[in-house]
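Colleague: Build me a structure from this.
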Amino acid sequence: MCFLNVLSCDTSSFFVLLCAMDVCLIQTLVLFCSLICCFWADNPSNKSTPNIVIILMDDMGWGDLGVFGQPSKETPNLDTMAAQGMLFPNFYTANPLCSPSRASLLTGRLPVRNGFYTTNAHARNAYTPQEIVGGISKDEILLPQVLKKKGYVNKIIGKWHLGHRAHHLPLEHGFDEWFGAPNCHFGPYNSSDRPNVPVYNNSQMVGRYYEEFGIDKKTGESNLTQIYLEEGLDFIFHQNMAQRPFFLYWAADATHAPVYASKRFLGKSQRGRYGDAVMELDYSVGQMLAWLRALGIDKDTFVFFTSDNGAAVMSGPKQSGSNGPFLCGKETTFEGGMREPAIAWWPGHIPAGTVSQQLGTVMDLFSTSLSLAGLSVPDDRLIDGLDLSPVLHNNTLINRPIFYYRGNEMMAVRVGPYKAHYWTWSNSWEEFNQGINFCPGQEVAGVTTHTQQEHTMQPLIFHLGRDPGEKYPISAGTKEYQDVLSRITAVVEKHKKGLVPGVPQLNMCDMAVMVRSIFHRIVCLIGFGFYKTAKKETLLCMLIAQAVCTYI
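Modeller: Numbering: from 1, shown residues only. From the prediction side, this is the model:
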């Protein structure tokens, strides 16, 4: 996909050759051509409507960046981005799992409001694997839909994960272009009842993971990140030449297990294959920022870097990252699952080298992006995301709480430096006994639990400044505890009073995610006699689950 075909000059074999060259060389040559084109067309600044680039990592932890203390110091481009922009040490996801987090980023609303949750009885976390028929509701308003009002051209590159049925896909929800996949790169699957995940170029399927888009699980080699990078550079170039404001949502998934990297990065990191993936993503971010500078639109482009949830430490050290000093990881509402690396970059607008102690969330990207574009948030629904533009411009702090949800249950709340846990749950005993541990080597007596432990009558309260690892609950008999509890209780009561849960969109996840649940086995055994092997039971039972979900 050569990005020189936008030029009016001859696209002969010379340009075909360029498409096969290294991205860096392509950039240099395209820059040369773009400079020539500057003589033919003006390229006025889009300062009134800045371009917006959101770079979302997959399962990357707070402690994976050098600027956050990673001792390997293998993220020079991200560290430089932070030095040139604003670092957010207290930035959160809206849910410790990929799908609901992404839904919240694009809607500005908690999953309990936008419907990206389940009321079923498993781990409360729900996402959109291939089997599920649910997805983002047509009633939700996504960021690209609003940006269209100001003429933005919107593209998503990489992982969507908000539903795989036709009416759930990105082009039905405000995006003009898409290159990527509806789900994660699990696989390979070699059966007709479970094909490999498709890859789309807009509405056309152009291949599948592990087939046309290879991922070698043995070596970890894949060129996907490089493909995504070239797609991003191509899109930026096209929109700049057309003098159109753009929104690029770049959501690569190389750090999600099974992690992968291209050949030139494999074996380069001190941290193994996961570190290789981080190094390639860091390189990709550096290339995009350099490209914006080369095109002269860096001062007209707001860029934000973050992750969808904490590092998936349950995948093991070779397939997961670091959550720094924080407890547990992905799928938990401890800090390791919810606190994310975050950097804002906008030369000439955001003071360089600043660190903001603002409590932020991925939902703020919705409201902030609209504000920067000169647009208002929808006024027919409650938006949880705040406009952080005062923080970006002046480092003004906005007082706000952080709510930690799993499904439709509010597990914890942060107010100032204090965090109160109303429920604790690391993961189930069933998972733990299978060797799945969301808090490996971090078990804290009375805090990490393998049952859903209720603390609503006497919450566990931590001071995250003194105790970022959530190891030492404040004694309930102290004045500090009582004062903090009174303050947090008022915040919780106000929140619950105004909470109108959305219709759950993922209520078949017990079938989809917990394939071997007791109910699932009973249905398969009694109804069809296909319980001999999981392979035989899967297709028919999933079809039943989908049919049931369609009509409930």
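
Colleague: Look up phi and psi at Glu221.
Modeller: The phi/psi pair for Glu221 (degrees, to the nearest 10) reads phi -80, psi 130.

Colleague: And Val355, by the same measure?
Modeller: In terms of degrees, to the nearest 10, the main-chain angles of Val355 are phi -120, psi 120.

Colleague: Can you verify my assumption that it contacts Ala83?
Modeller: No - taking contact to mean C-beta atoms under 8 Å, the distance of 10.6 Å between Val355 and Ala83 leaves them out of contact. Just so you know, the C-beta spots here come from the backbone N, C-alpha and C atoms, and that holds for glycine as well.

Colleague: For the stretch 301-450 of the chain, just list every one of the strands.
Modeller: 301-307, 339-340, 343-345, 354-355, 360-361, 402-406, 409-415, 418-421, 423-424 (DSSP state E, counting those that start in this stretch).

Colleague: Might you list the low-confidence residue ranges for the stretch 451-552 of the chain?
Modeller: Where the stretch 451-552 of the chain drops to pLDDT under 70, the residues are 508-552.

Colleague: What of the chain?
Modeller: Judged by pLDDT under 70, the chain has its weakly predicted residues at 1-47, 121-125, 508-552.

Colleague: Tell me how far Ser320 lies from Gln270.
Modeller: Computed as C-beta to C-beta, to the nearest Å, the Ser320 to Gln270 distance reads 15 Å.

Colleague: which of those two has more neighbours?
Modeller: Taking neighbours as other C-beta atoms under 10 Å, Ser320 and Gln270 compare with Ser320 leading, 25 against 10.

Colleague: That one reaches Cys328, doesn't it?
Modeller: No - in this structure, Ser320 sits apart from Cys328 without contact. The criterion is C-beta under 8 Å, and the distance is 11.9 Å.

Colleague: Spit out the residues that contact those two alike.
Modeller: Each of Val313 lies in contact with both Ser320 and Cys328 under the rule C-beta atoms under 8 Å, 6 or more residues apart in numbering.

Colleague: sorry, back to before: to Tyr209, which of the strands of the stretch 301-450 of the chain lies closest?
Modeller: Of all the strands of the stretch 301-450 of the chain, it is strand 301-307 that lies closest to Tyr209, at 21.1 Å by C-beta to C-beta.

Colleague: and that closest one, what other elements does it pack with?
Modeller: Applying 3 or more C-beta pairs under 8 Å, 6 or more residues apart in numbering; DSSP states H and E, one finds that strand 301-307 makes contact with strand 51-57, helix 76-84, helix 272-294, strand 343-345, helix 364-372.

Colleague: ok, residues contacting it?
Modeller: For strand 301-307, using C-beta under 8 Å, 6+ apart, the contacting residues are 50-61, 78, 81, 85, 91, 93, 285, 288-289, 292, 340-346, 349, 362, 365, 369, 372.

Colleague: Ile215: neighbour count?
Modeller: Ile215 has 21 neighbouring residues, counting by other C-beta under 10 Å.

Colleague: coming back round to it: indicate which one of the strands of the stretch 301-450 of the chain is closest to Tyr200.
Modeller: Closest approach to Tyr200 among the strands of the stretch 301-450 of the chain is made by strand 301-307 (23.3 Å; C-beta to C-beta).

Colleague: Sheet-wise, list the partners of the closest one with their directions.
Modeller: strand 51-57 (parallel), strand 343-345 (antiparallel) (DSSP bridges).

Colleague: any idea of the angle the longest one forms with helix 76-84?
Modeller: Here the directions of strand 51-57 and helix 76-84 differ by 130 degrees (axes from the mean of the first three to the mean of the last three C-alpha atoms, to 10 degrees).

Colleague: Only C-alpha atoms, please: export strand 51-57 in PDB.
Modeller: Extracted in PDB, the C-alpha atoms of strand 51-57 (Å, rounded to 0.1, in the frame of the first residue of the first chain):
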ATOM      1  CA  ASN A  51      -5.500  16.600  13.900                       C
ATOM      2  CA  ILE A  52      -5.900  14.000  16.600                       C
ATOM      3  CA  VAL A  53      -3.900  10.800  17.000                       C
ATOM      4  CA  ILE A  54      -4.700   8.400  19.800                       C
ATOM      5  CA  ILE A  55      -2.100   5.600  20.200                       C
ATOM      6  CA  LEU A  56      -3.600   2.700  22.200                       C
ATOM      7  CA  MET A  57      -1.400  -0.200  23.300                       C
END
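
Colleague: what's the angle between it and helix 272-294?
Modeller: 170 degrees.

Colleague: From the chain's centroid, how far away is strand 51-57?
Modeller: A distance of 11 Å separates the C-alpha centroid of strand 51-57 from that of its chain, computed with C-alpha atoms, centre = their mean, to the nearest Å.

Colleague: Give me the buried positions along that strand.
Modeller: With burial defined by 16 or more other C-beta atoms under 10 Å, the residues of strand 51-57 counted as buried are 51-57.

Colleague: For it, give me every contacting residue.
Modeller: Residues contacting strand 51-57 (C-beta under 8 Å, 6+ apart): 102, 105, 147, 152, 158, 236, 239, 245-252, 255, 281, 285, 288, 292, 297, 300-308, 341, 365, 369, 372-373.

Colleague: now do stretch 69-85
Modeller: For stretch 69-85, the external contacting residues (C-beta under 8 Å, 6+ apart) are 63-67, 269-271, 275, 278-279, 282-283, 285-286, 289, 303, 305, 322, 324, 341, 343-347, 350, 352-354.

Colleague: Show me which of those residues are buried.
Modeller: When those are checked for burial by 16+ other C-beta under 10 Å, the buried set is 63-67, 269, 271, 275, 278-279, 282-283, 285-286, 289, 303, 305, 322, 324, 341, 343-347, 350, 354.

Colleague: The helices and strands packed on strand 301-307 into JSON lines, with extra columns for distance to Ala312?
Modeller: Listed next are the helices and strands packed on strand 301-307 as JSON lines, based on distance: least, C-beta to C-beta, whole Å:
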{"stretch": "strand 51-57", "distance to Ala312": "12"}
{"stretch": "helix 76-84", "distance to Ala312": "19"}
{"stretch": "helix 272-294", "distance to Ala312": "10"}
{"stretch": "strand 343-345", "distance to Ala312": "21"}
{"stretch": "helix 364-372", "distance to Ala312": "22"}
